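S.K.: Sequence plus the predicted model coming up.
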Amino acid sequence: MKKLVIYNHGKDSSPWGDKTLVFAKLAKRHGYTVESPDYRQELDPDERVKQLLAMDLSDYDEIVLMGSSMGAYVATVAAETIKPNGLFLLAPAFYLPGYLRTEFNPPAEHTWVIHGWQDDIVPPEHSWRFCKKHQIRLTMLNSDHRLISELPVLAEEFERFLVGLMAL
């Protein structure tokens with residue numbers, strides 16, 4: 001069985017930053033190939049969605065979409081078409097001005113959201129609103145928007161997420 005994790009970076013991030021490298025190491029340990037598209041030339045989140053949807057994913061039996069901030073928005077919108085086995089979202093950029101979508105239909109029954117209490121880019125209540133509406137697991141951490149100060153906790157949560165996927 002071929003398994004793929006696609007990490008979608010945020011607006012001002014790069015495809016292979018610290019978080020991506022940690023998640024990739026964990027995913028590979030669980031038998032996943034890891035892709036992290038480079039969106040740095042495209043600032044429009046909905047154009048990034050089109051870039052993700054243009055990837056050929058036909059070789060994979062299991063797909064996990066992850067994303068941070070704008071990348072979490074991209075993963076969630078694309079998930080409606082890709083129908084991944086799981087969504088792992090960090091400080092998702094939901095309900096922000098300038099974003100085309102304000103309603104979401106996350107198809108993955110295995111969706112987790114993690115957000116920082118001190119996030120001054122995307123208000124934490126946006127994740128709460130999304131999670132409440134869709135009855136999705138929300139973990140709040142004592143961190144800012146990037147969540148980098150909680151990287152060990154993020155790694156533990158992602159490990160639990162992957163183990164949970166295997167149990168489905």
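M.R.: Structure's in. What do you need? The structure displayed is predicted, hence computed values, not measured ones. Numbering: from 1, shown residues only.

S.K.: contacting residues for the residue lying closest to Ile82 once chain neighbours are set aside?
M.R.: Spatial nearest neighbour of Ile82, excluding adjacent residues (CB to CB, 6 or more residues apart in numbering): Ile63 at 6.2 Å. All C-beta atoms are positioned from the backbone trio N, CA, C, and that covers glycine. Shown in contact with Ile63 (CB atoms under 8 Å, 6 or more residues apart in numbering): Lys3, Leu4, Val5, Ile6, Leu57, Ile82, Pro84, Asn85.

S.K.: and Ile63, bridged to which residues?
M.R.: Leu4 (DSSP bridges).

S.K.: Check the gap between it and Val113 for me.
M.R.: Ile63 is 18 Å from Val113, where distance means CB to CB, to the nearest Å.

S.K.: need the strands for the chain, in chain order.
M.R.: Remark: strands assigned in the chain by DSSP state E are 3-8, 32-35, 62-68, 86-90, 111-116, 137-141.

S.K.: right, so the ones you listed: which one is the most enclosed?
M.R.: strand 86-90 (a mean of 27; mean count of other CB atoms under 10 Å).
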